[in-house]
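>>> what would the 3D arrangement of this be:
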Amino acid sequence: MSGLHSLDVTLVHADGELVNRRSMNVALHAACVLFKDGARGAGSVADRDRGFVDFKLEDQECRELCRAAEEAGLADRAPQVKEVADTSDRFAHATLHVSHEHGSQTVRLTLMCSGYEGPDAPALKRFLLLLLQAGGVRNEVVRRDLTE
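Numbers count the residues shown, from 1 in each chain. Next comes the predicted model:
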């Protein structure tokens, strides 16, 4: 792995019934940079429960996010994951865009609604869990869709 020293992340999650109107649950942006004297980062999140909230990323959170992004493959490629379809009428869509000093990756998940699987799924779920925790996102639907 290349050892990421920066991240700029945008995550949007929406859901609803398959043939009816869908609603956005969360829009989150976070950025951090690992400097020699420590990491610094910040972000903002908009969610239906709390409105708009700004947050800081501490040194350890930045380092863990960078490491988790690498483990999910985001340093040089899109993670190898695929959606798991089921027969429910619930639909969720998540878009994750990650930029760093080596380039950028975009992951689009169309969940119908049994989550996703694949060789990078556990690592991507860990990255998304860390991101949601950093932003204070407690919405159980979002957390279940993206991290379980």
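>>> quick one, what contacts Arg67?
By CB atoms under 8 Å, 6 or more residues apart in numbering, the contact list for Arg67 reads Leu4. C-beta coordinates here come from the backbone N, C-alpha and C atoms, glycine included.
>>> what's the separation between it and His93?
From Arg67 across to His93, the span is 27 Å (CB to CB, to the nearest Å).
>>> I figured His93 was touching Ser23, is that so?
No. Counting by CB atoms under 8 Å, His93 stays clear of Ser23, with 11.0 Å between them.
>>> ok, these two, which is more surrounded?
The neighbour count for His93 versus Ser23, taken as other CB atoms under 10 Å, is higher for His93 (17 against 8).
>>> what's near enough to touch that one?
Contacts of His93 by CB under 8 Å, 6+ apart are His13, Ala14, Asp15, Arg22, Arg108, Leu109, Thr110, Leu111.
>>> try it again at 7 Å.
Ala14, Thr110 (CB atoms under 7 Å, 6 or more residues apart in numbering).
>>> looks to me like it is in a strand.
Yes. The assignment for His93 is a strand, going by DSSP: H, G, I helix; E, B strand; the rest coil.
>>> pLDDT score for it?
As predicted, His93 sits at a pLDDT of 90.
>>> now the strands for this protein?
Taking DSSP state E as the test, the strands found in the chain are 6-17, 22-35, 38-47, 51-57, 82-85, 90-100, 103-111, 113-117.
>>> what's in contact with the helix or strand of the chain with the lowest mean pLDDT?
When the helices and strands of the chain are scored by mean pLDDT, DSSP states H and E, strand 113-117 comes last with a mean of 83. For strand 113-117, contacts defined as CB under 7 Å, 6+ apart pick out 81-86, 88, 90-92, 109, 145, 148.
>>> who's in contact with the residue most central in space within the chain?
For the chain, the residue nearest the mean C-alpha position is Leu128 (3.9 Å; CA atoms, centre = their mean). Taking CB under 7 Å, 6+ apart as the criterion, Leu128 is in contact with Leu146, Thr147.
>>> same question, Cys62
Counting by CB under 7 Å, 6+ apart, Cys62 touches Cys32, Leu34, Ala39, Gly41.
>>> cheers, nothing more for now.
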